[in-house]
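Participant: Provided below for reference: sequence and predicted model.
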Amino acid sequence: MANEHLGRTLRRLRRLAALTQEELAERSVVSVDVIRQLEQGRKHSARLPTLHALANGLGVELTTLLGDPPAVSSTGENDGPRFVAVRRAIMPALWGPEPEPPRPDFSLDRLREQIADGWTQYHAAEFDTVMKALPELISDARTATASGDDADRGAGFAALGKTLQLAGHVAVRMGKTDLALTSLERAVDAAGQSSDPLLLPMIVNSMAWTYQRQGRLEDALGIALRAADDMTNAAHTGTADGLKVWGALTMSAATSAARSGDYERAAVMMETAEKEAARVSKLSDSGDNRMVSVFSPSSVRIERVRLAVQYGHPEDALKLAKGMRLSKDTPPSWRTWLLLDVARAHTDVGDAAGAVNTLESLRRVAPTWMQHHTLAVAIVRDLWALPNHPPGLRPLAEFLGVGE
C-alpha cells in the first residue's frame, strides 16, 4: 500500500522548515537522491529508519510526515457543513448580535456536564461527534457570559474558555492549526475573565501542542516552561488538579526539547514529571477529571516510551514499557498509542515477532483506528519486506491491505 501523499507532505514540511533538499539530507543523513525521488513521486515509500530520520531532520513527529489518521469518519470532509459551523462558532460574523442573558431555565451545571462529555468523546477519538456538538456548546457558553450575576458570569467565561479549548483541539486534528490558534487565543481571553486559576495554564499547554504541530518548537518550549514556572511560583501544585496541569506542561516542554534534538534534557524533564506524578493520588482533587489535564504515573510512562522510540532509543522504550500497569484513568487513545510505539520499538531492534505480537494486541483493542493509521501500515509494510515473515504477519498484512 503506497502512501501517495508522502512526497507532497515531505516537500511541504521541508519548505515550512526553510530547508533545501541538500540541507535536509545533511540534517537527516538521508541521501538527497532519496529525498528528490520521494518529492517527485518517483518513490512512494521508504523504510521506517529512513522515515524516522527525515521526520527528525524536519523536527516533526513521524505521524506528521506520514499523515495523521483521519479525524472524522471517511464520509466527512474537512470543510464540509459541519466544520463550517464550528468555524463560524469560533469566529462569529462581524457586527453579529451580542449574546443575550441566559433564560431562567438555563443550567450552568448542565452546560459543564456537556462540555465534560465533549472532552471524554474527544479522548475517545469520537471527533465527528464532538464537532457536531461544538457550535451549540460554544453558543450556550457565550450566553452564560452575559449573566447578570458576577459569580455565574465568571463561571460562564470558564465554560467558554474550556469549550474554545476543545474546539482548538478538534481544529488541530482536522489539520487547521491556524484556526486552532485563533480558538485558543479567544479561550485565553475567556480564561482571563473566569474564576478558574488553572484554566489559563491548561490552554497554554494546548497552544504549546499546536505550536509543535506547526514546527514552532522554540515557541512551544518557551510558553510551556513559563506556564509551569508560573504555576509553581503561585503555589498551584498543592492540589491534584494543579499538579496535573503542571505535569502536562512539563511533558509538553519535554516533547519540544526532544524534537529540537535535546533528548537528554527531555529525559530529565520526564523523569522529574514521573516522580511528581506519584503525588497525584495523595492530594485532594475536584472529583471530576474529565476537564483536567491527563497526568498520572501511567501517562508519564507512556510519554517516556513515545519519546524514546521517536528519538532513536528503542531499547529504552522497551525497558520503560516492560511490565507497565496502566491506571484506570488512562484514556483509551493513550493505550492504543502505547501499543503502536512498542511495536515500533520492537521493529527498530529487529524483533519482528515481538512487533507482530504487539500489533495483534493493537488490532484487538482498536481495529478501526489501526486500519486507518498510517504508522501501523508503515510498520507492517516494513515487516512484510523481510525475507522471513514471522508467524501472524500475513493476517495483519491482509487486514491493513499490505502486500496486495
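Facilitator: Done, it's in. Here the structure is a predicted model, which is why all the values come from computation and not from measurement.
Participant: Summarise which helices and strands the helix or strand bottoming out on mean pLDDT in the chain is packed against.
Facilitator: Lowest mean confidence among the helices and strands of the chain (mean pLDDT, DSSP states H and E): helix 62-66, at a mean of 77. In this structure, helix 62-66 packs against helix 6-16, helix 48-58, helix 374-384, with contacts taken as 3 or more C-beta pairs under 8 Å, 6 or more residues apart in numbering; DSSP states H and E. To be clear about C-beta, it is placed using only N, CA and C from the backbone, and glycine gets the same treatment.
Participant: Same list (those helices) but as CSV, adding mean pLDDT and mean neighbour count.
Facilitator: As requested, the helices and strands packed on helix 62-66 are exported to CSV (pLDDT from 0 to 100; neighbours: other C-beta atoms under 10 Å):
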stretch, mean pLDDT, mean neighbour count
helix 6-16, 84, 17
helix 48-58, 84, 21
helix 374-384, 89, 23
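Participant: Now distance to residue 135 too, for the ones you listed, in CSV please.
Facilitator: Converted to CSV, those look like this (distance: least, C-beta to C-beta, whole Å):
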stretch, distance to residue 135
helix 6-16, 30
helix 48-58, 35
helix 374-384, 30
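Participant: Quick check: which of the ones you listed is nearest to residue 307?
Facilitator: Evaluated over the helices and strands packed on helix 62-66, closeness to residue 307 peaks at helix 48-58, with 12.0 Å, by C-beta to C-beta.
Participant: re the thing from before, can I have the least confident helix or strand of the chain written out in PDB, keeping just the CAs?
Facilitator: Provided in PDB are the C-alpha atoms of helix 62-66 (Å, rounded to 0.1, in the frame of the first residue of the first chain):
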ATOM      1  CA  LEU A  62       6.800  10.700  12.200                       C
ATOM      2  CA  THR A  63       3.000  10.700  12.100                       C
ATOM      3  CA  THR A  64       3.100  14.300  10.800                       C
ATOM      4  CA  LEU A  65       5.300  13.100   7.900                       C
ATOM      5  CA  LEU A  66       3.200  10.000   7.200                       C
END
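Participant: Regarding this structure, what is its longest helix?
Facilitator: helix 150-173 (DSSP state H).
Participant: Give me the buried positions along it.
Facilitator: Residues of helix 150-173 classed as buried: 152-173 (neighbour count, 16 or more other C-beta atoms under 10 Å).
Participant: Hmm, residue 151 is touching residue 195, no?
Facilitator: Yes. The pair residue 151 and residue 195 passes the contact test of C-beta atoms under 8 Å, sitting 7.2 Å apart.
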